[in-house]
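J.: The amino acid sequence is not available; the structure is as follows:
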């Protein structure tokens, strides 16, 4: 007769260290003054057709650079917004660039892209590229990049509202009154911080 | 202490920090990464692993089955008939993918182990 013994081991593992706990970015956008904007780190990654894509290929456009993964629920919330943005603002010199951080690569990413009908360019990220953007331990993480290839707003780590993205994109496209966004210094005019179309 | 040729049970308790969750062993969305415990080959052979019933959670309009808090993972082992007597260490891995309501963390794998005396 089989005899079960209960081992007295109750191993306890903490699945998340406190250091990984990150606060979510503030809900209000704060546009950076042009002089204070830093260039977005350059990278070259492949798209699903194997074409090498550089971030600098997008110079002259406003870019929403979104780091995401197929296993990331909050990323999936944002993706339909980005599909809308790509459709709505593309003609004004705007592009969404999605960088997947899926370790399984294209076999995981391609079916997701097809299922969600993603209409913007998807690239496959890697660890060395992630280091250029602070490690990307948590997703989604997004950067709004101006036409000069500079990061115009503090990065968005975690899910934010669709309206916040719209405000920032329209600000950089020059579609909305720029004084509706706070600037990081009251002494600088918003118009200088948010270039006209 | 376990005896050669007999069954033995082990409970691994995984503790998830408040505000976070991990996917269950069978998430509804095929793209989500399940919680998965595996044990390496050794003097004790893992015969089955039982995952607790997950919680139903709705986040950002998505219905999910997840674990929060303390998650007991029960493994039934069979002690090999020829297992060497004495103290042995059983090693394994716990793969998980954690999120909160606003962000997710990259999938991670923890090394897990426990010591056992084989008689």
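T.: Nice, thanks for sending it over. Just so you know, these numbers come straight off a predicted model, no measurement behind them.
J.: hmm, stretch A:82-101 in reach of chain B?
T.: Yes - using C-beta under 8 Å from any C-beta of the partner chain, we find that stretch A:82-101 touches chain B at residue A:101. (C-beta placed from N, C-alpha, C; glycine too.)
J.: Now do the end-to-end distance for that stretch.
T.: Using C-alpha to C-alpha, to the nearest Å, the gap from the first to the last residue of stretch A:82-101 comes to 17 Å.
J.: ditto for stretch B:74-87
T.: By C-alpha to C-alpha, the extent of stretch B:74-87 from end to end equals 21 Å.
J.: measure the spatially most central residue of chain A to residue A:40 for me?
T.: Nearest to the mean C-alpha position of chain A, counting by C-alpha atoms, centre = their mean, stands residue A:142 at 1.9 Å. Taking C-beta to C-beta, to the nearest Å as the measure, residue A:142 falls 12 Å from residue A:40.
J.: hey, what's in contact with both of these two?
T.: By C-beta atoms under 8 Å, 6 or more residues apart in numbering or on different chains, residue A:142 and residue A:40 have these common neighbours: residue A:65.
J.: Identify the residue nearest the residue of chain B positioned farthest from its centre in space, chain neighbours excluded?
T.: For chain B, the residue at maximal distance from the C-alpha centroid (C-alpha atoms, centre = their mean) is residue B:61, at 27.8 Å. The shortest distance from residue B:61 to any residue that is not its chain neighbour, by C-beta to C-beta, 6 or more residues apart in numbering or on different chains, is 7.3 Å, and that residue is residue A:77.
J.: do you know how far the one you found is from residue A:113?
T.: 16 Å.
J.: Would you mind listing where chain A has pLDDT under the threshold?
T.: Low-confidence segments of chain A, defined by pLDDT under 70: A:1-30, A:175-197.
J.: those helices in it, which residues are they?
T.: Applying DSSP state H to chain A gives helices spanning A:73-89, A:106-115, A:127-132, A:162-173, A:190-193.
J.: Output the ones you listed in a markdown table, with mean neighbour count appended to each entry.
T.: A markdown table is the format used below for the helices of chain A (neighbours: other C-beta atoms under 10 Å in any protein chain shown):
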| stretch | mean neighbour count |
| --- | --- |
| helix A:73-89 | 19 |
| helix A:106-115 | 15 |
| helix A:127-132 | 14 |
| helix A:162-173 | 20 |
| helix A:190-193 | 16 |
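J.: Which of those helices sits closest to residue B:114?
T.: Between residue B:114 and the helices of chain A, the tightest spacing by C-beta to C-beta is seen for helix A:127-132, at 31.4 Å.
J.: contacts for that closest one?
T.: The set of residues external to helix A:127-132 that reach it, using C-beta under 8 Å, 6+ apart, is A:41, A:43, A:45, A:67, A:99, A:101, A:136.
J.: Let me see the ranges of the strands in chain B.
T.: The residue ranges that make up the strands of chain B, judged by DSSP state E, are B:7-15, B:21-23, B:36-39, B:44-50, B:55-59, B:62-67, B:70-79, B:86-96, B:98-99, B:104-105, B:108-118.
J.: Any chance of those strands in a markdown table with distance to residue A:155 and mean neighbour count as columns?
T.: Formatted as a markdown table, the strands of chain B follow (distance: least, C-beta to C-beta, whole Å; neighbours: other C-beta atoms under 10 Å in any protein chain shown):
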| stretch | distance to residue A:155 | mean neighbour count |
| --- | --- | --- |
| strand B:7-15 | 30 | 18 |
| strand B:21-23 | 24 | 26 |
| strand B:36-39 | 31 | 18 |
| strand B:44-50 | 39 | 16 |
| strand B:55-59 | 22 | 13 |
| strand B:62-67 | 24 | 18 |
| strand B:70-79 | 32 | 19 |
| strand B:86-96 | 25 | 16 |
| strand B:98-99 | 19 | 24 |
| strand B:104-105 | 16 | 24 |
| strand B:108-118 | 22 | 15 |
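J.: Please tell me I have it right and residue A:58 contacts residue A:95.
T.: Yes - counting by C-beta atoms under 8 Å, residue A:58 touches residue A:95, with 5.8 Å between them.
J.: can you tell me which residues contact the nearest residue to residue B:31 once chain neighbours are set aside?
T.: Nearest residue to residue B:31 in three dimensions, chain neighbours excluded: residue A:70, at 4.2 Å (C-beta to C-beta, 6+ apart). Taking C-beta under 8 Å, 6+ apart, we find residue A:70 in contact with A:100, A:102, A:108, A:109, A:112, B:31.
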